[in-house]
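A.B. asks: this one's sequence-less:
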Ligand SMILES: Nc1ncnc2c1ncn2[C@@H]1O[C@H](COP(=O)(O)OP(=O)(O)OP(=O)(O)O)[C@@H](O)[C@H]1O
Ligand SMILES: [Mg+2]
């Protein structure tokens, strides 16, 4: 009979536990493989978690993109330039409107007057509102003619307004930039609100990811026991769950950006038509790749945090029976 | 013929496992072990026997640090188990192999992957892992089944996979809690022969069993527990 191990000391025999960078890399590779395997095995459960997270993320991302576009749009307008819209009464026809325009353009302090006839107003309204059928149903043209007046440099606005108001054809008079200024103020407020909402929803992402990981740990309790039995550290067992949490966040971020991009694509053409109404070459800004990357990194980080917070706690509590 | 003596290599064998006045009370105040003392030498093969509830499993679980003693001192290979901190328990466990009656294999992993688990966890390279897994499976005669799932195997084969997993990382100590509890006499004998084989290459083996016939046919030292205390010790010749 041979005695192969008789000369071998116990120390040499139990030479297990390779260390170093190689072992560390292998552990991570194994964790990534285990994570992907889990996703492949339960695509529905994991997919659902990602979807829930994506919906949660889509709200602040969507709001942010819309507000960023509005901000960009309103910044392009020079709010110091005062343009007036003079809405005439609906019983004033286009010929009367043109006559009024001619007389106004001659008066002091007026640089330019443009007439939007009732027909033009209706066409424009049709072009961007999409209420074709509704307008047809009303029959006739409910819109008044409008004079768009640019006052000259240093003109006496009070005097111009007083003079226009005194004309019987004039119904109301508006400075166009008033609403732009209001919009700018609202946009600034909205952008601040988005930050608060994003913060609140980041907490939601943390909780959702954390809870999903808690369930995953509970489901794999027996497996974790076996791992502990054969000498796995908590860190080793935790690793695939951390990758899962990170992947939840990153995938959800990507999916949410995709959803917002689809939304933007859907409103791009109407937005362009609307911009043309204002003689603007404005184009909706899409979500750029760097922004998507930032979202993925941030959401991935929050997912990782959620996973860490629950996995560490629940794995620690599992012990070999 | 015994080789364990040769493996010890000297006349005054050093203890692999030493219990000194060890007690274990479970939550609820039940005393599973009451101040028991004994020693198991390096390379020894020892049976732990006794009636149900005598404390056999408790004793083995203390050695594997699945439970902590309530009192007394346990030393394994010179190391005081009471001083091993929680974070170091995994590293300690890598030096022992534990076999349960219910083999505790992962049912969704192949035989190969199950046996490879302790090696992968310890960070061995895939090459080294593959080599050792095949060696272990060869030892238990299941090399041809490495791709099967545990559920595709018989009870005896499953237990042998469990043994392969417990020895793949070449532990100093092999601990088995009623490893033949689910098996018929013939399969039980085969399994015990396997343990004998590992013992012959120097591994310290501790097995808890009810099976006195089996115990007699292998003829090692046996420690009999009764109500948490050592009732008797005897050395049987084969
Ligand atoms: N987790 C536990 N909590 C409380 N009491 C326990 C626990 N485990 C075991 N006991 C008690 O400790 C005593 C010894 O149990 P142990 O499992 O060590 O006996 P055993 O000799 O292995 O029995 P068996 O042959 O039936 O496996 C028993 O009275 C049991 O009820
Ligand atoms: Mg028992």
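C.D. replies: Now that the structure is in, tell me what you want to look at. Since this is a predicted model, take the numbers as computed values, not measurements. Numbering: from 1, shown residues only, chains lettered A, B, ... in the order given. Ligands and ions are numbered 1, 2, ... in the order given.
A.B. asks: contacting residues around stretch B:28-37?
C.D. replies: The contact list for stretch B:28-37 (CB atoms under 8 Å, 6 or more residues apart in numbering or on different chains) reads B:19-26, B:55, B:58-59, B:62, B:69, B:71-72, B:225, B:227-230. Just so you know, the C-beta spots here come from the backbone N, C-alpha and C atoms, and that holds for glycine as well.
A.B. asks: I misspoke; the intended subject was stretch A:239-246.
C.D. replies: A:27-28, A:31-32, A:34-35, A:38-39, A:46, A:209-210, A:212-213, A:216-217, A:300-301, A:303-308, A:311, A:315.
A.B. asks: now, of the contacts of stretch B:28-37, which are buried?
C.D. replies: B:19, B:22, B:24, B:55, B:58-59, B:62, B:69, B:72, B:225, B:228-230 (16 or more other CB atoms under 10 Å in any protein chain shown).
A.B. asks: strands of the chain, start to end?
C.D. replies: I went with chain A, as the question did not name one. A:84-88, A:110-116, A:146-151, A:170-175 (DSSP state E).
A.B. asks: wait, chain B
C.D. replies: B:15-26, B:30-41, B:45-50, B:71-76, B:79-80, B:96-99, B:173-177, B:204-208, B:221-226, B:229-235.
A.B. asks: want to throw these into TSV with distance to residue B:105 and mean pLDDT?
C.D. replies: Shown next, in TSV, are these (distance: least, CB to CB, whole Å; pLDDT from 0 to 100):
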stretch	distance to residue B:105	mean pLDDT
strand B:15-26	26	94
strand B:30-41	27	92
strand B:45-50	24	94
strand B:71-76	26	94
strand B:79-80	29	93
strand B:96-99	11	94
strand B:173-177	15	95
strand B:204-208	19	96
strand B:221-226	28	93
strand B:229-235	33	87
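A.B. asks: so which of those strands is nearest residue A:292?
C.D. replies: Set against residue A:292 and scored by CB to CB, the strands of chain B come closest in strand B:96-99, at 48.8 Å.
A.B. asks: stretch B:148-159: which residues count as buried?
C.D. replies: The neighbour-count check on stretch B:148-159 (16+ other CB under 10 Å) flags B:149-150, B:153, B:156-159 as buried.
A.B. asks: ugh, wrong one, stretch B:23-41
C.D. replies: Residues of stretch B:23-41 classed as buried: B:24, B:31-34, B:36, B:38, B:40-41 (neighbour count, 16+ other CB under 10 Å).
A.B. asks: residue B:120: which of those residues is nearest?
C.D. replies: Of all these, residue B:120 sits closest to residue B:40, with 29.7 Å by CB to CB.
A.B. asks: ok, and the closest non-adjacent residue to the closest one?
C.D. replies: Nearest non-adjacent residue to residue B:40, counting by CB to CB, 6 or more residues apart in numbering or on different chains: residue B:17, 4.2 Å away.
A.B. asks: count of residues packed around the one you found?
C.D. replies: Residues near residue B:17, counting by other CB atoms under 10 Å in any protein chain shown, number 24.
A.B. asks: related to what we said a few turns ago, just put the strands of chain B in TSV and tack on distance to ligand 1.
C.D. replies: Formatted as TSV, these follow (distance: least, CB to the nearest ligand atom, whole Å):
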stretch	distance to ligand 1
strand B:15-26	3
strand B:30-41	3
strand B:45-50	6
strand B:71-76	15
strand B:79-80	22
strand B:96-99	14
strand B:173-177	7
strand B:204-208	6
strand B:221-226	7
strand B:229-235	12
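A.B. asks: circling back: report the two of the buried residues of stretch B:23-41 separated the most.
C.D. replies: B:31 and B:41 (27.6 Å).
A.B. asks: which positions in chain B make contact with ligand 1?
C.D. replies: Residues of chain B lying close to ligand 1 (CB under 6 Å from any ligand atom) are B:26, B:28, B:30, B:32, B:50, B:52-58.
A.B. asks: can you list those in JSON lines and add distance to residue B:118?
C.D. replies: Shown next, in JSON lines, are those (distance: CB to CB, whole Å):
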{"residue": "B:26", "distance to residue B:118": "28"}
{"residue": "B:28", "distance to residue B:118": "33"}
{"residue": "B:30", "distance to residue B:118": "32"}
{"residue": "B:32", "distance to residue B:118": "28"}
{"residue": "B:50", "distance to residue B:118": "29"}
{"residue": "B:52", "distance to residue B:118": "30"}
{"residue": "B:53", "distance to residue B:118": "31"}
{"residue": "B:54", "distance to residue B:118": "30"}
{"residue": "B:55", "distance to residue B:118": "27"}
{"residue": "B:56", "distance to residue B:118": "24"}
{"residue": "B:57", "distance to residue B:118": "21"}
{"residue": "B:58", "distance to residue B:118": "24"}
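A.B. asks: tell me the one of those residues nearest chain A?
C.D. replies: The nearest member of these to chain A, counting by CB to the nearest CB, is residue B:57 at 10.5 Å.
A.B. asks: please name the nearest non-neighbouring residue to the closest one.
C.D. replies: residue B:177 (5.4 Å).
A.B. asks: I'd say the one you found and residue B:208 touch.
C.D. replies: Yes - judged on CB atoms under 8 Å, residue B:177 makes contact with residue B:208 at a distance of 5.0 Å.
A.B. asks: give me the more crowded residue out of those two.
C.D. replies: Using other CB under 10 Å as the criterion, residue B:177 and residue B:208 rank with residue B:208 on top: 25 against 21.
A.B. asks: ok, now which ones touch the closest residue to the more buried one other than its chain neighbours?
C.D. replies: Closest residue to residue B:208 apart from its sequence neighbours, by CB to CB, 6+ apart: residue B:56 at 3.9 Å. Residue B:56 is in contact with B:48-50, B:177-178, B:208, B:225, counting by CB under 8 Å, 6+ apart.
A.B. asks: if we go to 6 Å?
C.D. replies: Applying CB atoms under 6 Å, 6 or more residues apart in numbering or on different chains to residue B:56 gives the contacts B:48, B:50, B:208, B:225.
A.B. asks: that older thread, pipe the buried residues of stretch B:148-159 into JSON lines and attach pLDDT per row.
C.D. replies: Formatted as JSON lines, the buried residues of stretch B:148-159 follow (pLDDT from 0 to 100):
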{"residue": "B:149", "pLDDT": "95"}
{"residue": "B:150", "pLDDT": "94"}
{"residue": "B:153", "pLDDT": "94"}
{"residue": "B:156", "pLDDT": "88"}
{"residue": "B:157", "pLDDT": "92"}
{"residue": "B:158", "pLDDT": "93"}
{"residue": "B:159", "pLDDT": "91"}
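A.B. asks: show only the entries of those found in helices.
C.D. replies: B:156-159 (DSSP state H).
A.B. asks: between those residues, which is nearest chain A?
C.D. replies: For these, the nearest to chain A is residue B:158 (13.6 Å; CB to the nearest CB).
A.B. asks: can you count the residues close to the spatially closest residue to that closest one that is not a sequence neighbour?
C.D. replies: In this structure, residue B:158 finds its nearest non-sequential neighbour in residue B:103, 4.8 Å apart by CB to CB, 6+ apart. Using other CB under 10 Å, residue B:103 has 21 other residues around it.
A.B. asks: what residues does stretch B:14-25 touch?
C.D. replies: With CB under 6 Å, 6+ apart as the contact definition, stretch B:14-25 has outside contacts at B:31-42, B:58, B:69-77, B:204.
A.B. asks: and stretch B:89-105, which residues are buried?
C.D. replies: B:89-90, B:92-101, B:103-105.
A.B. asks: how long is that stretch from one end to the other?
C.D. replies: Taking CA to CA, to the nearest Å, stretch B:89-105 runs 21 Å from one end to the other.
A.B. asks: all set now, cheers.
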